[in-house]
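for reference, the sequence and a predicted model appear below.
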There are 2 protein chains.
Amino acid sequence: MHGRANLTAMRLMDACEHLLCEAEALEDLTARRIAIEAHATPSAISYHFGSQEELVAAVAERVYRRLNAERLSLLRKAVDRRAPDPPDLDEVIAALVGPSIRWSLDPTSSYPVLSHFTSMAKTHRERAPHYRRIIDNVEHHRAFVPHLKRIAPWLDDVDIGWRLNCALGIRSQVTRSRSRTEVLTNYGIDLDDPDIVIARMVEVIAPMFRR
Amino acid sequence: MHGRANLTAMRLMDACEHLLCEAEALEDLTARRIAIEAHATPSAISYHFGSQEELVAAVAERVYRRLNAERLSLLRKAVDRRAPDPPDLDEVIAALVGPSIRWSLDPTSSYPVLSHFTSMAKTHRERAPHYRRIIDNVEHHRAFVPHLKRIAPWLDDVDIGWRLNCALGIRSQVTRSRSRTEVLTNYGIDLDDPDIVIARMVEVIAPMFRR
DNA sequence: ACGGATTTCGAATGCCGTTCGAAACCCGGT
DNA sequence: ACCGGGTTTCGAACGGCATTCGAAATCCGT
């Protein structure tokens, strides 16, 4: 029934995730390679997922869920620590950008999947709407709004959302354009140490939320 | 002599640039389509540029040069206006992010070339080094450092470069992840008006350079 | 007007994702 | 125990892709 609970479907997803992590370029990911690693045939991809793109989308969605869970868990911790007072701004920002930073620096994480996936949305036309729905799914980011509003009550929802969006842009730049970041900072920051990077980001993002 | 000053080489670049602007996805750009639009054959691409990727890289470099020229011209204007005093911070930031914002909103500009090009660097393995050299070419951004340093002398080169990098991240987020920006801001900002967007960005970036 | 260098062309190659019909497999009903 | 329908796997084939390469054509200094 073209189901995804199937065993080889699972093996295909695992193989695809693994290959996406190893691959330094998207052209290294081919249906035949995925199939071989999953001990299946390329047709199995079409059969179980409809197309290779949809397989990748399914894999990316799975990775996104893990990352978002980690993010929201950190946010909850930050909120609980100070409740009923507003949470610490620095801690909220660290919850927002921290998981991405740590994943992107952890060679055993599946972060490359996400990085490849976003650039893939621009390559394929047909599935773009489906891709966008995953990428633009901002529900987990929305969860940050009310807490930031308590911290900076003089900002309205639009202001908060805008600053949130800017923070995400900074996060993307650091995780995805590493070499550019290195050159611009004259190699003066240890970009391999997540704590240092996160502290640097907080240093820059926090003032956006101050009066 | 495999030269790029050739007439059909020029026609190929123009066709490629045009197709990259029209194309909503990279898969719409094929060697055959480029060749047809340039009244040539696919082999002409390989002959004159070595490969399709290198053609795209040449086109992107050409567009980058135009954008950077505009950026540096705005910077010079901002500097000259206040010389010998330090330039106005808001004006410098507007020079940094303004051209990208305006281009990305101008349907007649070649901005899509750049947007497609960056995501292309992640698709191809072999030419990635060459691609990176173009993308990570930060010389024009470096030109902003000394002027920002005069505005914020308490920041060292690393601090300035880091903030510059963050500003570029915000710029990318706004120009490239439009739908995400829309949703996060509850459609409360007119993202089609470059002046409004630039003002919003200045509002967020300027505090990074204040004490 | 000739002849060597440059450019254009078109057929061929090998890869890609996907399709499709046939084989294999699984499993409940008899 | 065996049948039979639904489900899954397979392998061959298809069209499209970028690129290669030898032959044709064109260009241009002499």
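Yep, it's here. Numbers count the residues shown, from 1 in each chain, chains lettered A, B, ... in the order given.

from now on I want contacts and neighbour counts done on CA atoms only, so please keep to that.
Will do.

what's the end-to-end length of stretch A:17-31?
Stretch A:17-31 stretches 13 Å from its first residue to its last (Cα to Cα, to the nearest Å).

that stretch and DNA strand D in contact?
No: applying Cα under 7 Å from any atom of the strand, one finds stretch A:17-31 separated from DNA strand D by no less than 11.0 Å.

in that stretch, which residues are buried?
Neighbour-count burial for stretch A:17-31 flags A:17-21, A:23-26, A:29, A:31 (criterion: 16 or more other Cα atoms under 10 Å in any protein chain shown).

now, which of the residues you listed lie within helices?
A:17-21, A:31 (DSSP state H).

between which two of the residues you listed is the distance greatest?
A:C21 and A:A31 (15.3 Å; Cα to Cα).

the longest helix seen in chain A close to DNA strand C?
The residue-count maximum for a helix in chain A (DSSP H) belongs to helix A:52-82. Yes: for helix A:52-82, a contact with DNA strand C is found by Cα under 7 Å from any atom of the strand, at A:52-53.

may I see the buried residues of that helix?
For helix A:52-82, by 16+ other Cα under 10 Å, it's A:52-61, A:63-64, A:67-68, A:70-72, A:74-76, A:78-79.

which SS state does the nearest residue to A:V79 once chain neighbours are set aside fall under?
Leaving aside its sequence neighbours, A:V79 sits nearest to A:P87 (Cα to Cα, 6 or more residues apart in numbering or on different chains; 4.9 Å). Recorded secondary structure, A:P87: coil (DSSP: H, G, I helix; E, B strand; the rest coil).

tally of neighbours for A:P87?
Neighbours of A:P87 under the rule other Cα atoms under 10 Å in any protein chain shown: 21.

over to it: give its phi and psi.
A:P87 has phi and psi values of phi -70, psi 170 when expressed as degrees, to the nearest 10.

doesn't A:K149 make contact with it?
No: with contacts counted by Cα atoms under 8 Å, A:P87 stays clear of A:K149, the gap being 10.5 Å.

give me the packing partners of the one helix or strand in chain A whose mean pLDDT sits lowest, helices and strands only.
Every helix and strand of chain A was ranked by mean pLDDT, DSSP states H and E. The lowest is helix A:128-135, at a mean of 82. Applying 3 or more Cα pairs under 8 Å, 6 or more residues apart in numbering or on different chains; DSSP states H and E, one finds that helix A:128-135 makes contact with helix A:111-121.

centre of the chain to the helix it packs on, how far?
9 Å (Cα atoms, centre = their mean, to the nearest Å).

report pLDDT for the residue nearest to A:V79.
Looking at A:P87, its pLDDT stands at 97.

contacts only, for it.
Contacts for A:P87 (Cα atoms under 8 Å, 6 or more residues apart in numbering or on different chains) come out as A:78-81, A:147, A:151.

quick one: it from chain B, how far?
21 Å (Cα to the nearest Cα, to the nearest Å).

I'd like to know how far that residue sits from DNA strand D.
48 Å (Cα to the nearest atom of the strand, to the nearest Å).

so how far is B:Y64 from A:W103?
From A:W103 over to B:Y64 (counting by Cα to Cα), the distance is 31 Å.

now A:G188: closest residue in space, sequence neighbours ignored.
Nearest one to A:G188, counting by Cα to Cα, 6+ apart, is B:V158 at 5.9 Å.

on that earlier part again, pipe the buried residues of stretch A:17-31 into TSV and attach pLDDT per row.
Below are the buried residues of stretch A:17-31 laid out as TSV (pLDDT from 0 to 100):
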residue	pLDDT
A:E17	98
A:H18	97
A:L19	97
A:L20	97
A:C21	97
A:A23	92
A:E24	87
A:A25	90
A:L26	92
A:L29	97
A:A31	98
